[in-house]
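Student: Need a 3D model of the following:
(one chain, ligands or ions: 1)
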Amino acid sequence: MSLKKEIQRRKTFGIISHPDAGKTTLTEKLLLFGGAIQEAGAVKSNKIKKGATSDFMEIERQRGISVATSVLAFEYKDIKINILDTPGHKDFAEDTFRTLTAVDSVIVVIDVAKGVEAQTEKLVEVCRMRKIPIIVFINKLDREGKDAFDLLDEIEQKLNLTVTPLSFPIGMGYDFKGIYNLWEKNVNLFSGTKRKQIEETIKIEDLQNPELDDLVGSKAAETLREELEIVTEVYPDFNREEYLKAELQPVFFGSALNNFGVRELLDCFIDIAPAPRPKESDTRVVRPDEQDFTGFVFKIHANMDPRHRDRLAFVKIVSGTFERNTPYLHVRHNKKLKFSSPNAFFAEKKEIVDISYAGDIVGLHDTGNFKIGDTLTEGEEMMYKGIPSFSPEHFKYINNADPMKSKQLEKGIDQLMDEGVAQLFILELNGRKVIGTVGALQFEVIQYRLEHEYGAKCSYEALNVHKACWVDPKDSKSEEFADFKRVKAKYLAKDKRGQLVFLADSAFTLQMTQQKYPNIHFHFVSEFESVS
Ligand code: G4P
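Tutor: Below you'll find the model as predicted:
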């Protein structure tokens, strides 16, 4: 098969949802359709159980599972599908944001009873900003939930999307009879008594066909006709170009647990979802079918076994092919590296492969060369953009609790930060180290891992910071900037990349500072279009 064809048949996507909406169940059903697993229950949920904040065994267990399910790949109708796992737990939101830099599209799962939840709003906002094509799957139709139109409204308003239903429920909860598939123009009925499977798929091109009445009853048939009339009047027709430009989002209804509506979703997905997309670097836009390999690290996973300190760096291949034992340029280190055992991922296992294509993910064993965002090429000097750090929510001083182990502590902190577990800020004034995290859970993870993997002990000290703001002066030589640096010296720090950060202790301070220094911009993310 030609390079272009191999790449064109790849679809790499992520499933995002608020915890409990059904992401794991849907993933599993997709794998079942792909024949990648034989029975339900094979994909372990990698969600952190509620209230398990200090259960280290739980954290370790999760880390083990999350390696296994980081990438789930399978073939369906000659399409190679790569599902990238995204943690739903809010404390790991930053992991999910980074994974979203490696997907070409997403499926958003929404619980029919709960509607749009907080975590979904945040994640969809990131997708919208990046113009990632989105398909929405409304799950748990076998339960009582919100009215379909109300839900569609809620999705448009809260998620700021323009939706068009490609399937529509016939009844809901106890009265759930099945789904009309607008994409394939047929009716899928939910099995009458046990409500466990699809009874059959019946082609009904013409909604006026009296067969519909026989199938679902006259009342339900009439309601469906009326509702579909509203659908055609109110919602735009599906248009693939608009979906690919992230201007239109198709919606499906179903029940992942009952395997209902999942095949329809998957069949439509492989028809419409994008193949690997071009990606912007700091010098140019790179096309997937370019001959030369390029890729970037979007995730690093530490080895679970403390005797083997190596890590697995997950690389998304942006262009060309990645080949085993071939030297590639690690652009940041300006050094060529060869990989003798690159891993590719298949359903639940990983295997060493000789060649992988744009769109695929390879796992590279790493002894500390990589950090998140690193770019690999065949020699071209360029870096991929778009893996920013967001301002953490929690901040603490980190102190060495065992003076004999300061080297180990240093190394441990360094490597954990490269993995993206948290962010490190070093205060300009006194060199003290501040750790910033998205969730409170990470502080415990860091302490535990420093001790168990590096033999170092740390303690934390409270620090009052509202937000970390990346400082962007219009003119770095101005009197205004010099004054800012003098007055706010106590609150200034450098991040890992050496960028200047203002640790504002309250929203009020930030507002006052902004007013006093109108020519300095403060950003809540580390990557921005500079004002200077
Ligand atoms: P998550 O990964 O998004 O966190 O959700 P997950 O798939 O683990 O699903 C959360 C719960 O919702 C699970 O129940 C799951 O069985 C249930 N669920 C998923 N899809 C459907 C559906 O279509 N209909 C109904 N009625 N339930 C659904 P649980 O009791 O929390 O877990 P478990 O003990 O069943 O694993």
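Student: Tabulate the CA atom coordinates of the longest helix along the chain in PDB.
Tutor: When the chain is parsed with DSSP state H, its longest helix is helix 218-234. The C-alpha coordinates for helix 218-234 follow below in PDB (Å, rounded to 0.1, in the frame of the first residue of the first chain):
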ATOM      1  CA  SER A 218     -48.900   4.600  15.900                       C
ATOM      2  CA  LYS A 219     -48.400   7.000  18.700                       C
ATOM      3  CA  ALA A 220     -44.600   6.700  18.800                       C
ATOM      4  CA  ALA A 221     -44.500   6.700  15.000                       C
ATOM      5  CA  GLU A 222     -46.500  10.000  14.900                       C
ATOM      6  CA  THR A 223     -44.300  11.600  17.600                       C
ATOM      7  CA  LEU A 224     -41.200  10.600  15.700                       C
ATOM      8  CA  ARG A 225     -42.500  12.000  12.500                       C
ATOM      9  CA  GLU A 226     -43.300  15.300  14.200                       C
ATOM     10  CA  GLU A 227     -39.900  15.400  15.900                       C
ATOM     11  CA  LEU A 228     -38.000  14.700  12.800                       C
ATOM     12  CA  GLU A 229     -39.900  17.400  11.000                       C
ATOM     13  CA  ILE A 230     -38.700  19.800  13.700                       C
ATOM     14  CA  VAL A 231     -35.200  18.400  13.300                       C
ATOM     15  CA  THR A 232     -35.200  19.200   9.600                       C
ATOM     16  CA  GLU A 233     -36.500  22.600  10.200                       C
ATOM     17  CA  VAL A 234     -34.400  23.700  13.100                       C
END
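Student: Who are the packing partners of it?
Tutor: helix 148-159, strand 167-170, helix 211-216 (3 or more CB pairs under 8 Å, 6 or more residues apart in numbering; DSSP states H and E). All C-beta spots, glycine's among them, are computed from the backbone N, C-alpha and C.
Student: buried ones in that helix?
Tutor: The neighbour-count check on helix 218-234 (16 or more other CB atoms under 10 Å) flags 220-221, 224, 227, 231 as buried.
Student: interface residues of the chain facing the ligand?
Tutor: 17, 19-25, 45, 47, 88, 139-140, 142-143, 255-258 (CB under 6 Å from any ligand atom).
Student: Show me just the buried residues among these.
Tutor: Listed as buried from these are 17, 19-25, 45, 47, 88, 139-140, 142, 255-258; burial here means 16+ other CB under 10 Å.
Student: At which residues are the helices of the stretch 301-450 of the chain located?
Tutor: 406-419, 441-454 (DSSP state H, counting those that start in this stretch).
Student: related to what we said a few turns ago, report the angle between the longest helix of the chain and helix 148-159.
Tutor: Computed with axes from the mean of the first three to the mean of the last three CA atoms, to 10 degrees, the direction of helix 218-234 lies at 30 degrees from that of helix 148-159.
Student: Report the mean confidence score over the next helix or strand after helix 218-234.
Tutor: In the C-terminal direction, the helix or strand that comes right after helix 218-234 (DSSP states H and E) is helix 240-244. For helix 240-244, mean pLDDT rounds to 97.
Student: what bits of the stretch 201-350 of the chain have low per-residue confidence?
Tutor: 201, 303-309, 347-348 (pLDDT under 70).
Student: domains for this structure, by residue range?
Tutor: Taking automatic domain parsing as the criterion, the chain consists of the domains 3-172+237-272, 279-377, 394-531.
Student: Make TSV from these and add distance to Leu182 to it.
Tutor: Formatted as TSV, the domains of the chain follow (distance: least, CB to CB, whole Å):
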stretch	distance to Leu182
domain 3-172+237-272	5
domain 279-377	29
domain 394-531	38
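Student: Tyr384 is nearest to which of these?
Tutor: domain 279-377 (4.2 Å; CB to CB).
Student: C-terminal to the lowest-mean-pLDDT helix or strand in the chain, what's the next element?
Tutor: The helix or strand of the chain with the poorest confidence is helix 56-68; it has a mean of 60 (mean pLDDT, DSSP states H and E). For helix 56-68, the following helix or strand on the C-terminal side (DSSP H and E) is strand 71-76.
Student: So which elements touch that next one?
Tutor: helix 23-33, strand 79-84, strand 343-346.
Student: CA-only coordinates of it, as PDB, when you get a sec.
Tutor: Only the C-alpha atoms of strand 71-76 are listed here, as PDB (Å, rounded to 0.1, in the frame of the first residue of the first chain):
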ATOM      1  CA  VAL A  71      -3.600   3.900  23.300                       C
ATOM      2  CA  LEU A  72      -6.000   1.300  22.100                       C
ATOM      3  CA  ALA A  73      -5.700   0.500  18.400                       C
ATOM      4  CA  PHE A  74      -7.800  -1.800  16.300                       C
ATOM      5  CA  GLU A  75      -8.900  -2.300  12.700                       C
ATOM      6  CA  TYR A  76     -12.500  -1.900  11.500                       C
END
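Student: In its sheet, which strands sit next to that strand, and in what direction?
Tutor: With DSSP bridges as the test, strand 71-76 is paired with strand 79-84 (antiparallel).
Student: Hey, what's the angle from the strand it pairs with to helix 23-33? Just curious.
Tutor: Angle of strand 79-84 versus helix 23-33, following the same axes, to 10 degrees, is 160 degrees.
Student: what does strand 79-84 contact?
Tutor: 9-15, 27, 30, 34, 70-75, 99, 102-103, 270, 345, 359-361 (CB atoms under 8 Å, 6 or more residues apart in numbering).
Student: Please list only the buried members of those residues.
Tutor: If we count by 16+ other CB under 10 Å, the contacts of strand 79-84 have these buried: 9-15, 27, 30, 34, 70-74, 99, 102-103, 345, 359-361.
Student: Please name every helix or strand in contact with the helix or strand hosting Val108.
Tutor: For Val108, the element it lies in under DSSP H and E is strand 105-111. Other helices and strands packing on strand 105-111, by 3+ CB pairs under 8 Å, 6+ apart, are strand 10-17, helix 23-33, helix 118-129, strand 134-139, helix 148-159.
Student: avg pLDDT for it?
Tutor: pLDDT averaged over strand 105-111 gives 97.
Student: buried ones in that strand?
Tutor: 105-111.
Student: ok, so of these, who is nearest Val285?
Tutor: Looking across those and measuring by CB to CB, the closest to Val285 is Ser105, at 18.4 Å.
Student: Distance-wise, check that closest one relative to Pro250.
Tutor: 11 Å (CB to CB, to the nearest Å).
Student: same question, Asn160
Tutor: 16 Å.
Student: neighbours around Gln8, how many?
Tutor: 18 (other CB atoms under 10 Å).
Student: does it really touch Ala273, like I thought?
Tutor: No - using CB atoms under 8 Å, Gln8 is not in contact with Ala273, being 11.9 Å away.
Student: Now for the nearest residue to Pro342 once chain neighbours are set aside: which residues touch it?
Tutor: Among residues not flanking Pro342 along the chain, Val362 sits closest, at 4.6 Å (CB to CB, 6 or more residues apart in numbering). By CB under 8 Å, 6+ apart, Val362 lies in contact with 295, 314-315, 317, 322, 342-344, 353, 356.
Student: for Gly173, same thing?
Tutor: Here Gly173 is in contact with 141-145 (CB under 8 Å, 6+ apart).
Student: That one and Asn334, how far apart?
Tutor: 61 Å.
Student: Distance of Phe502 relative to the ligand?
Tutor: Distance from Phe502 to the ligand, counting by CB to the nearest ligand atom, to the nearest Å: 37 Å.
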